[in-house]
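1. Quick one, what's the 3D model for this:
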Amino acid sequence: MNKNWVVVVALVGALIVPAVARAHEHDKTVMGTVSSIDGKNLMVKTADGKSVMVMMDAKTKITKGKTKLEASVLKVGDRVVASGPEDKEMIMAETVKVGAPSAPAKTAKK
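-> Numbers count the residues shown, from 1 in each chain. You can find the predicted model right below:
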C-alpha cells in the first residue's frame, strides 16, 4: 500500500509542474522611458523606438530601489522596467521598477 501512495504523489507532481510552468509563459518584460500616462496606463518607448502599453492595477508592485511607490508619482521621462503577462501587445504589469531619468543628450561645442 505504501508503494501505491508514492506512485500517486509522483503522478500528481508530474501534472502540477507543467501547469505552473505554463502560467508564466506569456510574461514579458519591457524596458524604456515613459512617453505618456493615462490614468493607470503607461506608454513606454523602448530603445528600438517601439511603444508598448503597460497597464497597472491595485496588485502592481511599483518600486524604486527598495522603496515602494504609488502610481501617482510616475511621470513622463521616467525610465522603467515593467514585467507581467502580455496580451495583444499590452502588458498587465505585476511589477514596475523605476530607474533614474535618462540624461539629456550632450551637444558638441562648435
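
2. G77 contacts V34, correct?
-> Yes. Assessed by Cβ atoms under 8 Å, G77 is found in contact with V34 at 6.5 Å. The C-beta positions use only the backbone N, C-alpha and C, and glycine is treated the same way.

3. what do those two both touch?
-> Residues touching both G77 and V34 by Cβ atoms under 8 Å, 6 or more residues apart in numbering: none at all.

4. Between the two, point out the one with more neighbours.
-> More neighbours surround V34 than the other of G77 and V34, with 21 against 10 (other Cβ atoms under 10 Å).

5. Show the model's pLDDT score for that one.
-> With respect to pLDDT, V34 has a value of 95.

6. name the element it belongs to?
-> For V34, the element it lies in under DSSP states H and E is strand 27-38.

7. Quick check: buried residues in that strand?
-> Of the residues in strand 27-38, K28, V30, G32, T33, V34 count as buried by neighbour count, 16 or more other Cβ atoms under 10 Å.

8. Counting by contacts, list what the helix or strand just after it packs against.
-> Remark: after strand 27-38, the chain's next helix or strand is strand 41-45, criterion DSSP H and E. If contacts are counted by 3 or more Cβ pairs under 8 Å, 6 or more residues apart in numbering; DSSP states H and E, strand 41-45 sits against strand 27-38, strand 51-55, strand 79-87.

9. In CSV, list the ones you listed along with distance to A93.
-> Compiled in CSV, the helices and strands packed on strand 41-45 are given as follows (distance: least, Cβ to Cβ, whole Å):
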stretch, distance to A93
strand 27-38, 9
strand 51-55, 5
strand 79-87, 4
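
10. Do I have it right that K59 meets A93?
-> No. Under the criterion of Cβ under 8 Å, K59 makes no contact with A93, lying 9.1 Å away.
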